[in-house]
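# output the structure for:
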Amino acid sequence: MSATGKSAQLQIRVSTAEKAAIQRAAHRAGLDMSTYVLARVLPALARRFQDLTEACAEPEGARFALAELNAWLASLGAGELREAVASPPPALTPYFANYVAAMVEVACAQRGIASPAWTRTIAPLTEPVFGSALMSLRLYLLTHSPAPFRRRNIFIDSTVGSRV
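Residues are numbered from 1 along each chain as shown. Below you'll find the model as predicted:
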């Protein structure tokens, strides 16, 4: 659901304790209350994000899953992206968790929105990983990788919306 074109308001009655619980949950997710509640009630985009990132856990299809996630993130508008990535992905290996987090950070930066809080909870890789085994490309990858990938010790030449 796009953040544009909103012309109606929904009000619900909740107790003080329920409102506080919703506020805390929204804060933990790095969202305002409206965005958080919408993401919980209308989770189609969030479910797609979960499905695509789950596919990264399957060794035989991880590269294709990353490519599909890349294309999908690039297709989302700012409001859709915010809604889609509000919740962290399922448990992934440290490499794929960092790769997905970096992709989300790049996509958010491209749309001028804040990255979700869960991206900051993923510890960077302890050893560098390069997108090519060619030693002659390492200096290039070190200097041309997008910042979110470099911060996570992943050195690649392409990012969200581009292809290798």
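# what are the buried residues along stretch 87-104?
By neighbour count with 16 or more other C-beta atoms under 10 Å, stretch 87-104 contains the buried residues 87-89, 92, 94-104. C-beta: built from backbone N, CA, C; applies to glycine.
# all strands of this protein, in order?
Assigned by DSSP state E, the strands in the chain fall at 129-130, 154-155.
# quick one: the residue most central in space within the chain and residue 81, what's the gap?
Taking C-alpha atoms, centre = their mean, the centroid of the chain lies closest to residue 104, which sits 3.1 Å from it. Using C-beta to C-beta, to the nearest Å, residue 104 is found at 8 Å from residue 81.
# who touches both of those two?
Residues touching both residue 104 and residue 81 (C-beta atoms under 8 Å, 6 or more residues apart in numbering) are residue 73.
# sorry, back to before: farthest-apart pair in the buried residues of stretch 87-104, please.
For the buried residues of stretch 87-104, with distances taken as C-beta to C-beta, the pair at the greatest spread is 87 and 95 (20.6 Å).
# give the other helices and strands that the worst-scoring helix or strand of the chain on mean pLDDT contacts.
Ranked by mean pLDDT, DSSP states H and E, the helix or strand of the chain with the weakest confidence is helix 33-41, at a mean of 77. Using 3 or more C-beta pairs under 8 Å, 6 or more residues apart in numbering; DSSP states H and E, the elements in contact with helix 33-41 are helix 16-29, helix 78-84.
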